[in-house]
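In: here's a sequence, model it:
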Amino acid sequence: MEQIWEQTKWILAGNIYNENFEETADGGPTCYAEMTNEFRFTMVAISVSINLFIVTYFWKNISKSTELDLKLVKNLKPSYLEKLVGYISFLVYLIMVYYKVKTGKLVFMLNPCHMCVLQQAILLTTKKTKFTAGLYIQYMRWMFGPFCAIVFPVLNCYDQPFEVEMFYIEHYLAIIGPFLLIGFGRYGFFKKSIKDTIIEQYWGFAWHSLWNRVICFPICLMTWANINFNLCKSESDPWIPLVGNYYLYWVDQYLNLLSLIVISILILNSQILRQVIILPLQKLFSNKEEKLKIN
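Out: Next up, the predicted model:
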């Protein structure tokens, strides 16, 4: 049993939780020593308090929004293309799990970018329900992550064959999801008021922050793993020279703004895709089917 436990610990974070680990981007002793735990807990407590308030205060608004969403949508079931990309997303997620198990870094599968791909796979392969309508709201607010990873990649911690290539495949794949979900008219297909948009933005992003601070942060302390930079700062973050270690609080503010910008771009381009390509093709195939029935 002891041997099994030691092997399990190594798979989770054994390659990081030792005094000789040097890759600060992944964590280790240098990363852990970058700030005191008292400082970390103070920043995290402020963040968690604010975001718990947001999630609970706007819960009724989100519940009404998802109910209206279900009433307006015409096609609840995913298309064949959605399912295909969804199953590919599951496959890519499992490949990334394999890499993390092999290198003793499985805890990094809690990283929001990996969770984006997993959520995307669920949304693309399942029938739309009130639960998935709510999941979509917060999933979209996490979509800035793949964009940041592509623009500001941290690649010095990848040393397995094709691991860097899989990094880019995973993050570009994550960007495809919203185009299909919106393009085929199952999600995000109707305009909302500015008030509802702001509520959904803060509610969805609050879940991202809570995932980092409530789930990832304690595991970071226990394993020295720098999951989504909850243990020490990212050197590729352009705001770090300005905010320093206070990024543990301020990162929520500027990433929320970035999230809103990314969502606006995704929704706009997805609607263009829907109007210019998907709807005309659906109409074309529908007309052909009607002609075949008549003949």
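In: give me the below-cutoff pLDDT ranges for the stretch 1-150 of the chain.
Out: The stretch 1-150 of the chain contains residues with pLDDT under 70 at 1-2, 5.
In: what segments of it are helices?
Out: Ranges of helices in the stretch 1-150 of the chain, per DSSP state H, counting those that start in this stretch, are 2-9, 29-32, 37-57, 59-72, 80-102, 112-125, 130-141, 144-151.
In: how about those helices, which one is nearest D252?
Out: Among the helices of the stretch 1-150 of the chain, the nearest to D252 by C-beta to C-beta is helix 37-57 (6.0 Å). Heads up, the C-betas are built off the backbone N, CA and C, glycines and all.
In: ok, back up a step: between the helices of the stretch 1-150 of the chain, which gets nearest to G177?
Out: Once these are compared by C-beta to C-beta, helix 112-125 is nearest, at 3.8 Å.
In: which secondary structure elements does the closest one sit against?
Out: Contact here means 3 or more C-beta pairs under 8 Å, 6 or more residues apart in numbering; DSSP states H and E; on that basis helix 112-125 packs against helix 80-102, helix 130-141, helix 144-151, helix 163-183.
In: gap between L260 and P78?
Out: Separation of L260 from P78 (C-beta to C-beta, to the nearest Å) stands at 27 Å.
In: of these two, who's got more company?
Out: Taking neighbours as other C-beta atoms under 10 Å, L260 and P78 compare with P78 leading, 21 against 17.
In: before we move on, the earlier item: dump the helices of the stretch 1-150 of the chain to JSON lines, plus distance to V276 and mean neighbour count.
Out: Shown next, in JSON lines, are the helices of the stretch 1-150 of the chain (distance: least, C-beta to C-beta, whole Å; neighbours: other C-beta atoms under 10 Å):
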{"stretch": "helix 2-9", "distance to V276": "51", "mean neighbour count": "10"}
{"stretch": "helix 29-32", "distance to V276": "47", "mean neighbour count": "18"}
{"stretch": "helix 37-57", "distance to V276": "36", "mean neighbour count": "15"}
{"stretch": "helix 59-72", "distance to V276": "22", "mean neighbour count": "14"}
{"stretch": "helix 80-102", "distance to V276": "16", "mean neighbour count": "16"}
{"stretch": "helix 112-125", "distance to V276": "21", "mean neighbour count": "22"}
{"stretch": "helix 130-141", "distance to V276": "21", "mean neighbour count": "21"}
{"stretch": "helix 144-151", "distance to V276": "23", "mean neighbour count": "19"}
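In: the ones you listed into TSV, with extra columns for distance to P161?
Out: Listed next are the helices of the stretch 1-150 of the chain as TSV, based on distance: least, C-beta to C-beta, whole Å:
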stretch	distance to P161
helix 2-9	23
helix 29-32	26
helix 37-57	36
helix 59-72	43
helix 80-102	10
helix 112-125	19
helix 130-141	31
helix 144-151	20
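In: quick one, which of these gets closest to I227.
Out: Closest to I227 of those, according to C-beta to C-beta: helix 112-125, at 9.1 Å.
In: and the angle from that closest one to helix 144-151?
Out: Using axes from the mean of the first three to the mean of the last three C-alpha atoms, to 10 degrees, the inter-axis angle of helix 112-125 relative to helix 144-151 is 120 degrees.
In: what pLDDT does V164 get?
Out: V164 carries a pLDDT value of 92.
In: contacts only, for it.
Out: V164 makes contact with L155, Y158, according to C-beta atoms under 8 Å, 6 or more residues apart in numbering.
In: so it versus H171, what's the distance?
Out: Taking C-beta to C-beta, one finds V164 at 11 Å from H171.
In: scan the chain for its longest helix.
Out: Ordering each helix of the chain by length in residues (DSSP state H) puts helix 247-273 first.
In: report the buried residues of that helix.
Out: Within helix 247-273, the residues that count as buried by 16 or more other C-beta atoms under 10 Å are 247-252, 255-256, 259-260, 262-263, 266-267, 270-271, 273.
In: show me what it is packed against.
Out: If contacts are counted by 3+ C-beta pairs under 8 Å, 6+ apart, helix 247-273 sits against helix 37-57, helix 130-141, helix 144-151, helix 163-183, helix 194-210, helix 240-243.
In: rerun that using 7 Å as the cut-off
Out: Helix 247-273 makes packing contacts with helix 37-57, helix 130-141, helix 144-151, helix 163-183, helix 194-210 when contacts are defined by 3 or more C-beta pairs under 7 Å, 6 or more residues apart in numbering; DSSP states H and E.
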